[in-house]
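**Q** got a structure for you, letters missing:
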């Protein structure tokens with residue numbers, strides 16, 4: 001079903017939803033469904049490659065691609081709360097994919113990094129992610145992809161402003 005803008009001409013009483021309202025046509029619903037589908041595919045790949053959950057996969061790949069960092073920067077990059085990231089890092093450390101050292105600038109903090117095994121796993125996960133993305137963008141030309149990403153960035157900026165960030 002094509003996505004349509006909400007109708008302003010619907011005849012309705014104040015405080016009631018339009019009769020022709022379709023939740024599945026709302027942008028938030030469409031994006032949530034797509035995000036859920038993409039996350040499910042990513043988690044399936046993470047399970048097949050390394051037996052990881054989606055948050056474990058994401059933490060590992062961020063560390064593998066952006067370098068050593070503490071919990072706070074990981075939280076900011078991934079938009080996940082500190083307790084969740086800490087538990088995820090503990091699981092990755094237990095699996096031998098991530099190591100940690102005290103932060104030389106502040107011994108109360110810990111710096112996390114991928115181990116050699118974690119780097120190899122991260123590379124395999126990234127290769128799967130690139131293949132998955134290519135499948136999702138099949139039939140789109142380069143300009144369409146660039147335009148789509150630009151529109152999504154702008155939409156995120158609008159959402160951030162609406163949240164008062």
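**A** Looks like it came in fine. This structure is a prediction, so every number in the text was calculated from the model and none was measured.

**Q** who touches stretch 134-153?
**A** Counting by Cβ atoms under 8 Å, 6 or more residues apart in numbering, stretch 134-153 makes contact with residue 38, all of which sit outside it. Glycine gets a C-beta too; all of them are placed from N, C-alpha and C.

**Q** what's the first-to-last distance across that stretch?
**A** 20 Å (Cα to Cα, to the nearest Å).

**Q** try stretch 135-150
**A** Note: stretch 135-150 ends 20 Å apart using Cα to Cα.

**Q** Now do the strands in the chain.
**A** Taking DSSP state E, the strands of the chain run over residues 98-103, 106-114.

**Q** Output these as TSV; include the columns mean neighbour count and distance to residue 124.
**A** Listed next are these as TSV, based on neighbours: other Cβ atoms under 10 Å; distance: least, Cβ to Cβ, whole Å:
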stretch	mean neighbour count	distance to residue 124
strand 98-103	15	15
strand 106-114	15	12
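
**Q** Any chance of those in CSV with mean pLDDT and distance to residue 77 as columns?
**A** Output for the strands of the chain, formatted as CSV (pLDDT from 0 to 100; distance: least, Cβ to Cβ, whole Å):
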stretch, mean pLDDT, distance to residue 77
strand 98-103, 94, 15
strand 106-114, 93, 12
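
**Q** ok, now how distant is the residue nearest to the spatial centre of the chain from residue 88?
**A** What sits nearest the mean C-alpha location of the chain, by Cα atoms, centre = their mean, is residue 78, with 6.6 Å. As judged by Cβ to Cβ, to the nearest Å, residue 78 and residue 88 stand 9 Å apart.
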